[in-house]
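# Here's a sequence, model it:
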Amino acid sequence: MQPFRPFSADVLRWIALLVATALISVAFFDMIRGLLVPLALAAITGAMAQPLNLRLTERLGGRRALASTLSLILMLLVVILPMMAIIAVAVGQAETLARGIGALAGKLNAADWSMKVPDWIPFEGNLEEFWPRVLSKLGELIQAAAGFFVASLSSVTLGAAILFLHLFVFFYSLFFFLQMDTPILVHLLRFTGLAPETQQRLNERIMSVSRATIKGTLSIAVIQGALGGLGFWVTGVPGAAFWSVVMMVMAMLPAIGAPAVLLAGALYLAIKGQYMEAVGLAIWATAVVSTIDNFLRPWLVGRDARLHDIVILIATLGGLGMFGAPGMILGPVLAGLFVTVWTTLAETFEDESRPSPKGDSHDG
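Got it, this is the predicted structure:
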């Protein structure tokens, strides 16, 4: 056996290879950094749509390209185009709401508001003096909300070119991900050097958490937002499509959800004097929209692993802050990856540290 030489030619070649690999990898990921989000979404969507694509491939006699094309067209017609239409209507309604909110804020600040409090209520004088200040602060709050809407609309307009670029990368990548025999995640896990059984366990758990996130969280959020928007439209609350999108986002946040927006709409109707509509909307929020989760989640998620509500809340908010709108999907999925990887590694170390049955019988 030859002695180890720290500066031998073989060691230097390995060091040079590792340094070159690291530099090229860093340069490559820095180059595609702006496209990582649509690539990740395409990989997740491809994994979710793989069962549908495999069934289409079998029916079409093994023609993968045609099956992938049909899968893309189906997703485009069923999911993408309806969502884009809703968002387009919501953007127009948000612009109208922003103008109306600005006018309402000016009225609240300029008008001389008074409130007659019954004599039997304690501190009625203090309450009458306090009411104009409450309305003034409410006007400032509404004006700030209007400014936020206008700023959001400006960012949407300025980011249109980037949005179309990301959509192109998403669909182009998804087309090829659907044609793979093995999901892209399995290929990535092979580079980890983990044992094959550990790779399989990781892949199964990651897919389980991703399915639970997409089907259980996102699907229910879309359904709750649509039902909430329907309630706003029936009761005459302005900007029903816009508030529907807001409720879809809110529905992904545990302990908050779409019913909070609906109850705020019921309060708005009550202030306007539409008491029947307010009561109806409140009943719709509590009896229908808030209970959808209890009925649909067990059916949609099934036995798939589900993240804790606290993890989903933190991951959704963090994902929105880091990735923007795609963070509603990427945040919980990334949290699921984090929990799954650490859980699997802990179980792997426990299995390796546990004595084998042969060793136990020998000791006995």
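# and stretch 76-87, which residues are buried?
Of the residues in stretch 76-87, Ile86, Ile87 count as buried by neighbour count, 16 or more other C-beta atoms under 10 Å. The way it works is simple: take the backbone N, C-alpha and C, and place the C-beta from them, glycine included.
# what do you get for stretch 275-284?
Glu277, Ala278, Gly280, Leu281, Ala282, Trp284.
# And the second one, how close does it get to Thr235?
By that I understand Ala278. As defined by C-beta to C-beta, to the nearest Å, Ala278 lies at a distance of 8 Å from Thr235.
# Now for those two: what residues contact both?
Leu269 (C-beta atoms under 8 Å, 6 or more residues apart in numbering).
# So which of the buried residues of stretch 275-284 is the closest to Ala22?
For the buried residues of stretch 275-284, the minimum distance to Ala22 (C-beta to C-beta) is 57.3 Å, reached by Trp284.
# And the pLDDT for the residue nearest to the closest one when sequence neighbours are not counted?
Among residues not flanking Trp284 along the chain, Gly231 sits closest, at 4.5 Å (C-beta to C-beta, 6 or more residues apart in numbering). Note for Gly231: predicted pLDDT of 93.
# Quick one: residues contacting Gly231.
By C-beta under 8 Å, 6+ apart, the neighbours of Gly231 are Leu262, Gly265, Leu281, Trp284, Ala285, Val289.
# one more time with 10 Å, if that's ok
Gly231 makes contacts with 237, 240, 243-244, 247, 258, 261-262, 265-266, 277, 280-285, 288-289, as judged by C-beta atoms under 10 Å, 6 or more residues apart in numbering.
# Please give the element, helix or strand, for the residue most central in space within the chain.
What sits nearest the mean C-alpha location of the chain, by C-alpha atoms, centre = their mean, is Met328, with 1.7 Å. Using DSSP states H and E, the element containing Met328 is helix 327-353.
# I'd like the mean pLDDT over that helix, please.
Rounded mean pLDDT across helix 327-353 is 78.
# sorry, back to before: ok, so what distance separates the residue nearest to the centre of the chain from Ala212?
From Met328 to Ala212 the distance is 15 Å (C-beta to C-beta).
# Look up how far Leu227 lies from Pro259.
When Pro259 is compared with Leu227 (using C-beta to C-beta), they lie 10 Å apart.
# hmm, back to that, counting by contacts, list what the helix holding Met328 packs against.
helix 36-59, helix 196-211, helix 309-323 (3 or more C-beta pairs under 10 Å, 6 or more residues apart in numbering; DSSP states H and E).
# Any chance you could list what contacts the last one?
Outside helix 309-323, the residues that touch it by C-beta under 10 Å, 6+ apart are 36-37, 40-41, 212-213, 216-217, 221, 249, 252-256, 306-308, 325-336, 338-339.
# Outline the domain layout of the protein.
36-185, 194-351 (automatic domain parsing).
# Could you look over the ones you listed and pick the most buried one?
domain 194-351 (a mean of 18; mean count of other C-beta atoms under 10 Å).
# Show me how far the helix holding Met328 is from its chain's centre.
19 Å (C-alpha atoms, centre = their mean, to the nearest Å).
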